[in-house]
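Peer 1: no FASTA, just this:
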């Protein structure tokens, strides 16, 4: 009975849990409750993925109203994969939050913090689960509004300025998406994604559809933070509380990538997006610039959170690049990179949170001597960094392998060269981190620093161990990603 | 002719442009939020007007009328208005927090304060 309602429970559970969490006044209680919810969500998303891989698409009719009139939650391989990534990240980050949040946010606000955090989770899961265009907008705003608040809770006053900047950019992006959806509704009279994809094909020569495509793409690219619409990202990730940086870096932009895939391939279709509209010609150069500029700017950063935030902009470039190929290997690379980058970047930001917890700083100079004093935390940071470079045996290598393969299949060898060049640039900034951590003695008179508490270290290592495991055992991730890619391209089913 | 028959679109486009311009050009955070609200409201108008059917009445079931306006955009916009109010509330709350932390809501002064930390800055 309950099993048939899993698709909606995945979204409803955190939504109902959020206000309940606010009622729990004791910080530990609120945290324990949020942790339980996140584990329940992970269990549900695993069950859903297993069911979808076995039986195919699940269509859930909200309130029993049949689509296209009622709201439909439609789960296929791609959806479930994204749901799994978000809930897995949440299940790992939430246990970590107890100490990290306690050291950065005043105790009377903890119940509010966890409440807002669950709302952000609701929004992200909702975007992934729903099969209704307007629902995507609403969930996107739920997750964004919650993220603004979470970022604004950061310890320095710059967090408030960063949150405000993100609010302005994010609202413009979401409103662009709303304009696009409005134009689609005007031309087709439907909001259901599956229904829209058929009806758009009938009227695709009309100018409003072209405008809708442009508005939706730009709106989603702001959320995805693809160059040159990335301005909000470095400040937001740098000044947010450590655990929030880890959660958002690992989940929010990934959901943006999913929405782009959904609109471009499922709704507008391959032929419209890439032949009538010049999506490849726009997305590919922007992604390549993002890879080189994002990674290049990262080299010159002294604040580690900012360094890895710029590195995220580079990594988002790889996502965009994979999408722009519109081929099976390109999309497989992009979808697998959603998972791999979530694990790596989540792990890195968690390691930075550990560093913040012990040393009170994430400056590059604060790393001096930490290689000996916090060996496990630093090892985690380095493994994550090597993953970003794409060293073999890390999962970053798998995504880049598919992207290079896609570039060669498309006879775009300069693009393949640029992908490898991006890895070299990443090697430089990761090299700086390694140098600071292992080859500099600690500053004279520095207070003794102990290793991170286990409750924070274990989540960090779970994410990075996952990124190593899936760097070697690629069957599961690549298998699901390939199935998702083939479905988007309309090859299978 | 086209301009007159599609004046609802022109009104929405004009309002949206004014709003977006204010967001980009104004340095005062409150004025930015006003611009943002204007931009969102323009999109709501666009939605509402596409639901209008010429000669249609409100969608109430009655034997006397057979032509109704489409109520769905209205319902969508009710939700979007809630979203917009929430955005405005969060934005204003952040502006108040910024005023408390920085002592100003002017963007360039905030920028200067961050680049040149004076005494007492956090």
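Peer 2: Sure thing, it's come through. Since the structure is predicted, the reported quantities are computational estimates derived from the model, not experimental observations.

Peer 1: Report the contact partners of residue A:86.
Peer 2: A:45, A:121, A:124-125, A:128, A:251, A:254-255 (C-beta atoms under 8 Å, 6 or more residues apart in numbering or on different chains). Bear in mind the C-beta positions are built from the backbone N, C-alpha and C, glycine included.

Peer 1: Oops, could you answer that again for residue A:278 instead?
Peer 2: Residue A:278 touches nothing, counting by C-beta under 8 Å, 6+ apart.

Peer 1: any idea how far residue B:33 is from residue A:408?
Peer 2: Going from residue A:408 to residue B:33 by C-beta to C-beta, to the nearest Å gives 49 Å.

Peer 1: neighbour-wise, which of the two wins?
Peer 2: More neighbours surround residue B:33 than the other of residue A:408 and residue B:33, with 25 against 13 (other C-beta atoms under 10 Å in any protein chain shown).

Peer 1: Could you double-check that the more buried one sits in contact with residue B:94?
Peer 2: No. Contact criterion C-beta atoms under 8 Å: residue B:33 and residue B:94 do not qualify, at 9.3 Å.

Peer 1: Name the nearest residue to residue A:326, ignoring sequence neighbours.
Peer 2: residue A:274 (5.1 Å; C-beta to C-beta, 6 or more residues apart in numbering or on different chains).

Peer 1: how deep is that neighbour tucked in, by neighbour count?
Peer 2: Residues near residue A:274, counting by other C-beta under 10 Å, number 19.

Peer 1: ditto for residue B:75
Peer 2: Neighbourhood size, residue B:75 [other C-beta under 10 Å]: 12.

Peer 1: Just say helix, strand or coil for it.
Peer 2: helix (DSSP: H, G, I helix; E, B strand; the rest coil).

Peer 1: Local confidence estimate at the residue of chain B found nearest chain A?
Peer 2: Ranked by C-beta to the nearest C-beta, the top residue of chain B for proximity to chain A is residue B:101, at 3.6 Å. What the model reports as pLDDT for residue B:101 is 87.

Peer 1: That one should be in a strand, yeah?
Peer 2: No. Counting by three-state DSSP, residue B:101 falls outside a strand, being helix.

Peer 1: what's the spacing between it and residue A:243?
Peer 2: Residue B:101 is 22 Å from residue A:243, by C-beta to C-beta.

Peer 1: And the helices in the stretch 251-400 of chain A?
Peer 2: Under the criterion DSSP state H, counting those that start in this stretch, the stretch 251-400 of chain A carries helices at the ranges A:270-271, A:279-289, A:295-299, A:304-325, A:328-359, A:370-373, A:375-389, A:395-409.

Peer 1: Same list, these, but as CSV with distance to chain B and mean pLDDT please.
Peer 2: As requested, these are exported to CSV (distance: least, C-beta to the nearest C-beta, whole Å; pLDDT from 0 to 100):
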stretch, distance to chain B, mean pLDDT
helix A:270-271, 27, 80
helix A:279-289, 21, 88
helix A:295-299, 17, 88
helix A:304-325, 13, 90
helix A:328-359, 16, 88
helix A:370-373, 25, 78
helix A:375-389, 26, 86
helix A:395-409, 33, 87
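
Peer 1: Out of those, which gets nearest to residue A:115?
Peer 2: If you check each of the helices of the stretch 251-400 of chain A against residue A:115 by C-beta to C-beta, helix A:328-359 wins as the nearest, at 20.5 Å.

Peer 1: What is the closest one packed up against?
Peer 2: In terms of contacts (3 or more C-beta pairs under 8 Å, 6 or more residues apart in numbering or on different chains; DSSP states H and E), helix A:328-359 is packed against helix A:77-104, helix A:242-261, helix A:304-325, helix A:375-389, helix A:395-409, helix A:454-472, helix A:475-489.

Peer 1: Would you mind naming what in chain B lies close to chain A?
Peer 2: Counting by C-beta under 8 Å from any C-beta of the partner chain, chain B comes close to chain A at B:20, B:23, B:29, B:32, B:36, B:39-40, B:43, B:46-47, B:50, B:72-73, B:76, B:79-80, B:83, B:86-87, B:90-91, B:94-95, B:97-98, B:101-102, B:110, B:114, B:121-122.

Peer 1: buried residues in the helix or strand bottoming out on mean pLDDT in chain A?
Peer 2: Across the helices and strands of chain A, mean confidence by mean pLDDT, DSSP states H and E is lowest for helix A:370-373: a mean of 78. Neighbour-count burial for helix A:370-373, with 16 or more other C-beta atoms under 10 Å in any protein chain shown as criterion, is recorded at A:370-371, A:373.

Peer 1: same deal with stretch A:287-300?
Peer 2: Buried residues in stretch A:287-300, counted by 16+ other C-beta under 10 Å: A:287-299.

Peer 1: Residue A:164 touches residue B:92, doesn't it?
Peer 2: No. Using C-beta under 8 Å, residue A:164 is not in contact with residue B:92, being 10.2 Å away.

Peer 1: The two: which has the busier surroundings?
Peer 2: Counting neighbours by other C-beta under 10 Å for residue A:164 and for residue B:92 shows that residue A:164 has the greater number, 28 against 13.

Peer 1: ok, and the closest non-adjacent residue to that one?
Peer 2: residue B:94 is the one closest to residue A:164 (C-beta to C-beta, 6+ apart), at 4.7 Å.

Peer 1: could you give me the average pLDDT of stretch B:90-98?
Peer 2: Averaged over stretch B:90-98, pLDDT sits at 93.

Peer 1: now do stretch A:109-117
Peer 2: Stretch A:109-117 comes out with an average pLDDT of 88.

Peer 1: Okay, buried residues for it please.
Peer 2: So, applying 16+ other C-beta under 10 Å, buried residues of stretch A:109-117: A:110-111, A:113-117.

Peer 1: Looking at these, which is nearest chain B?
Peer 2: residue A:116 (10.4 Å).

Peer 1: Could you double-check that that closest one sits in contact with residue A:148?
Peer 2: No. Using C-beta under 8 Å, residue A:116 makes no contact with residue A:148, being 9.5 Å away.

Peer 1: Tell me who's in contact with residue 81.
Peer 2: Going with chain A. So residue A:81 contacts A:49, A:335, A:338-339, A:480-481, A:484 (C-beta under 8 Å, 6+ apart).

Peer 1: nope, chain B please
Peer 2: By C-beta under 8 Å, 6+ apart, the neighbours of residue B:81 are residue B:44.

Peer 1: how close does it sit to residue A:138?
Peer 2: 12 Å.

Peer 1: Ramachandran coordinates for the residue in chain A that chain B sits nearest to?
Peer 2: Across chain A, the shortest distance to chain B (C-beta to the nearest C-beta) belongs to residue A:157, at 3.6 Å. For residue A:157, the backbone dihedrals (degrees, to the nearest 10) come out as phi -70, psi -20.

Peer 1: If I take the helix or strand that contains residue A:118 and helix A:242-261, what angle do their directions form?
Peer 2: Take DSSP states H and E as the rule and residue A:118 turns out to sit in helix A:110-129. Helix A:110-129 and helix A:242-261 are oriented at 20 degrees to each other (axes from the mean of the first three to the mean of the last three C-alpha atoms, to 10 degrees).

Peer 1: Next, see if helix A:110-129 gets close to chain B.
Peer 2: No. Against chain B, helix A:110-129 shows no contacts by C-beta under 8 Å from any C-beta, the least distance being 10.4 Å.

Peer 1: relative orientation of that helix and helix A:77-104 in degrees?
Peer 2: 170 degrees.

Peer 1: So which elements touch the helix or strand following helix A:110-129?
Peer 2: Using DSSP H and E, the helix or strand that follows helix A:110-129 in sequence is helix A:133-152. When contacts are defined as 3+ C-beta pairs under 8 Å, 6+ apart, helix A:133-152 packs onto helix A:110-129, helix A:158-188, helix A:232-239, helix A:242-261, helix B:72-102.
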